[in-house]
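Novice: below are the sequence and a predicted model for it; my questions follow.
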Amino acid sequence: MLRIAGARVVFAGRAAVDDVDLEVGRGETTAVLGPSGCGKSTLLRAVAGLQRLDGGTVHIDGQDVTSVPAHRRGVGLMFQDDALFPHRDVAGNIAFGLRMAGASDAAAARRVAELLDLVGLAGLERRRVATLSGGERKRVALARALAPAPRVLLLDEPLGALDRPLHDRLLEELRAVFSALGLTVVYVTHDAGEAFAVGHRVAVMRAGRVVQVAQPDTLWSQPADAWVARFLGLANVEEDGSVVRVTRPEAVRLVADPAGGAVVSAVERDGPLVRLRAQLDDGRAIEAAATGVDHPAPGERVRVDIDPAGVVEIPRA
Ligand SMILES: Nc1ncnc2c1ncn2[C@@H]1O[C@H](COP(=O)(O)OP(=O)(O)OP(=O)(O)O)[C@@H](O)[C@H]1O
């Protein structure tokens, strides 16, 4: 549905997007994940037609849209800053794109009601957007992006700056809407957890380039290199001669043992998981993830058991 080939954007002699190829299938959500400044937003803006490409092409549904202006590409956009029109009410915001496309009053009103239903805000047509809660604003921004039935939906850190419970709830709602409507989605985020939660596939970007595209489980078990592994939050990365050895934390078990070779240095609960760190007697550190409440405490001496199935060795480039 979306095909980006050889995309390149140069700012002041530096490539912000550097020879990027990416394909997103119909009904698929691809998360674009990378650190601040890696070029995610620039890539998304290029797909939207808000940023001119210095090289490469963008095809949507088989059509070359590289030179097509943004408003004729059939893409929907949602940004972190919802950019709602403050002086219009909810209906006026959602109907904006429909009006631009020449929809009649009646058709626009029907579509607005349908979208408000979809995002769980039925009946809020006449509310001023300034009086909406943060979560309601996000839902209106989504409804507005979806109103003209875009061929591809593009989201740039749409849930940035929300508190965690609201963030998690809206993420779930977004996923439900993507799947109910069979949308083709590109979702930009710097957060690996969010990318894993939303993406059928995740494209990892570094310094303007896409360095790996894979399903979440594949990324987690076979990161392309040490940088990707660390960026995903895998801490047990050893670069050793010609290989990088990554040991997933869930394959590491710290077992209380007075004769063990390590001491627990930190224990931190994160929802159903407990993250533990231990200092080995040889000076190295190791991270483990456990479930349940029966885990060793900080200061306790432990033995380190590693399930070899959770260790991957990647040849170094
Ligand atoms: N209009 C511009 N002019 C000059 N440089 C730009 C422009 N837009 C972006 N850049 C630079 O291009 C690089 C990529 O920026 P981009 O916003 O795409 O990164 P990002 O991955 O989306 O980062 P963040 O997560 O912080 O938003 C950065 O170094 C940025 O400073």
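Specialist: Noted; the coordinates are in hand. Residues are numbered from 1 along each chain as shown.

Novice: where's Pro223, which helix or strand?
Specialist: Using DSSP states H and E, no element contains Pro223; it sits outside every helix and strand.

Novice: ok, how many other residues are close to it?
Specialist: 24 (other Cβ atoms under 10 Å). In short, each C-beta sits where N, CA and C put it, glycine included.

Novice: let's number from 242 now, not from 1
Specialist: Sounds good: first residue 242 from here, last item Pro464.

Novice: wait, doesn't it sit right on Gln453?
Specialist: Yes. Pro464 is within contact range of Gln453, at 7.0 Å (criterion: Cβ atoms under 8 Å).

Novice: residue nearest the centroid of the protein?
Specialist: Taking Cα atoms, centre = their mean, the centroid of the chain lies closest to Ala436, which sits 3.1 Å from it.

Novice: now the phi/psi pair for the residue in the stretch 342-491 of the chain that the ligand sits nearest to, please.
Specialist: When distances are taken as Cβ to the nearest ligand atom, the stretch 342-491 of the chain reaches nearest to the ligand at His431, 5.0 Å away. Note on His431: backbone dihedrals following degrees, to the nearest 10 are phi -100, psi 0.

Novice: what strand or helix carries Val251?
Specialist: Counting by DSSP H and E, Val251 is found in strand 243-252.

Novice: touching the ligand at all, that strand?
Specialist: Yes. Strand 243-252 reaches the ligand (Cβ under 6 Å from any ligand atom) through Phe252.

Novice: buried sites along whichever helix or strand comes after that strand?
Specialist: The element immediately downstream of strand 243-252 (helix or strand, assigned by DSSP H and E) is strand 255-265. For strand 255-265, the neighbour count (16 or more other Cβ atoms under 10 Å) marks 256-259, 261, 263, 265 as buried.

Novice: sort out which one of these lies nearest the ligand for me.
Specialist: Ala257 (3.4 Å).

Novice: ok, that closest one - contacts?
Specialist: The contact partners of Ala257, taken as Cβ atoms under 8 Å, 6 or more residues apart in numbering, are 250-251, 280, 283, 449.

Novice: how does it look with 10 Å?
Specialist: Neighbouring residues of Ala257 by Cβ atoms under 10 Å, 6 or more residues apart in numbering: 249-251, 278-284, 287, 292, 295, 448-449.

Novice: swap in Leu403?
Specialist: Contacts of Leu403 by Cβ under 10 Å, 6+ apart are 321, 375-376, 379, 409-412.

Novice: secondary structure element holding it?
Specialist: Going by DSSP H and E, Leu403 is not in any helix or strand.

Novice: filter the contacts of Ala257 down to the buried ones, PyMOL style.
Specialist: A single PyMOL command selects the buried members of these (16+ other Cβ under 10 Å):
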select buried, resi 249+250+279+280+281+282+283+284+287+292+449
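
Novice: which bits of the stretch 242-391 of the chain sit near the ligand?
Specialist: 252, 257, 275, 277-283.
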